[in-house]
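# test case, fold it:
(one chain, ligands or ions: 1)
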Amino acid sequence: MQKQVEYGQAIKTKYPEQVVIAIAKDKNGRANPITLGWTMIVSGTPPMMAIAVASGHYSIETIRHSKCFTVAYPSSHMADAALFFGSKSGRDIDKFAEFDCKTESAKAVDSVLLADAVANFECTLESETPAGDHIIFVGQIVASHINTEPKKRLYITGPGHKLDSVS
Ligand SMILES: Cc1cc2nc3c(=O)[nH]c(=O)nc-3n(C[C@H](O)[C@H](O)[C@H](O)COP(=O)(O)O)c2cc1C
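You can find the predicted model right below:
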């Protein structure tokens, strides 16, 4: 049986929610990471991913400029990086200069990978669609990487950006 409630109450049942870090370079060639909970795989052949970025975030400009982005699945010990990249704007600071997070060059697009992530995906920008207060960017995955060591993924486990691994 179901009981009708406000959206804000029902949506709190969504956890755990996956978290990713998307990275695109700005017009000065500076890679800018953004932490995102709202993301999904949208096609298998070809493989494609979508990310929802709020209007006004600097990442809108970086993704539009470079027409590509990478998506990292952060590992469970990367919560501090995810919170830093998800609370500062690349409009104000160089996030990779201010937070120590090892990167590697992407192979197929002009962006970077996160060396300690569980996996990284390189995407070429295929489309963007406005959706309320966010813009959905769809990328085609042109290269994929996994960590050479076993690592657990990081998830959003509750409201207020609570981050942890899940068993
Ligand atoms: C755990 C977590 C999840 C987030 N999910 C999203 C999201 O799905 N979409 C979004 O636009 N911002 C999301 N944010 C907020 C952005 O990461 C944050 O506003 C960031 O500072 C924007 O950076 P930018 O201005 O450099 O693009 C999230 C933040 C955290 C910590």
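
# do you have the strands of the chain handy? List them.
With DSSP state E as the criterion, the chain has strands at 17-18, 20-25, 31-36, 39-43, 48-54, 68-73, 103-105, 112-114, 119-131, 134-146, 155-158, 162-164.

# leaving out the residues flanking it, which one is nearest to the closest residue to the ligand within the chain?
The nearest approach of the chain to the ligand comes at G86, 2.7 Å away (Cβ to the nearest ligand atom). All C-beta spots, glycine's among them, are computed from the backbone N, C-alpha and C. Among residues not flanking G86 along the chain, T35 sits closest, at 3.0 Å (Cβ to Cβ, 6 or more residues apart in numbering).

# may I have the strands that pair with the helix or strand bottoming out on mean pLDDT in the chain, each with its orientation?
None of the helices or strands of the chain scores lower by mean pLDDT, DSSP states H and E than strand 162-164, at a mean of 95. Applying DSSP bridges, strand 162-164 is found paired with strand 155-158 (antiparallel).

# what about the strand it pairs with, near the ligand?
Yes: Strand 155-158 reaches the ligand (Cβ under 6 Å from any ligand atom) through I156.

# list of residues touching that strand?
15-19, 37, 162-166 (Cβ atoms under 8 Å, 6 or more residues apart in numbering).

# what about 10 Å?
12, 14-19, 35, 37, 74, 76, 79, 82, 86, 162-166 (Cβ atoms under 10 Å, 6 or more residues apart in numbering).

# selecting buried members of those residues in ChimeraX, what would you type?
The command below creates a ChimeraX selection of those among the contacts of strand 155-158 that count as buried (16 or more other Cβ atoms under 10 Å):
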select :16,18,19,35,37,74,79,82,86,163
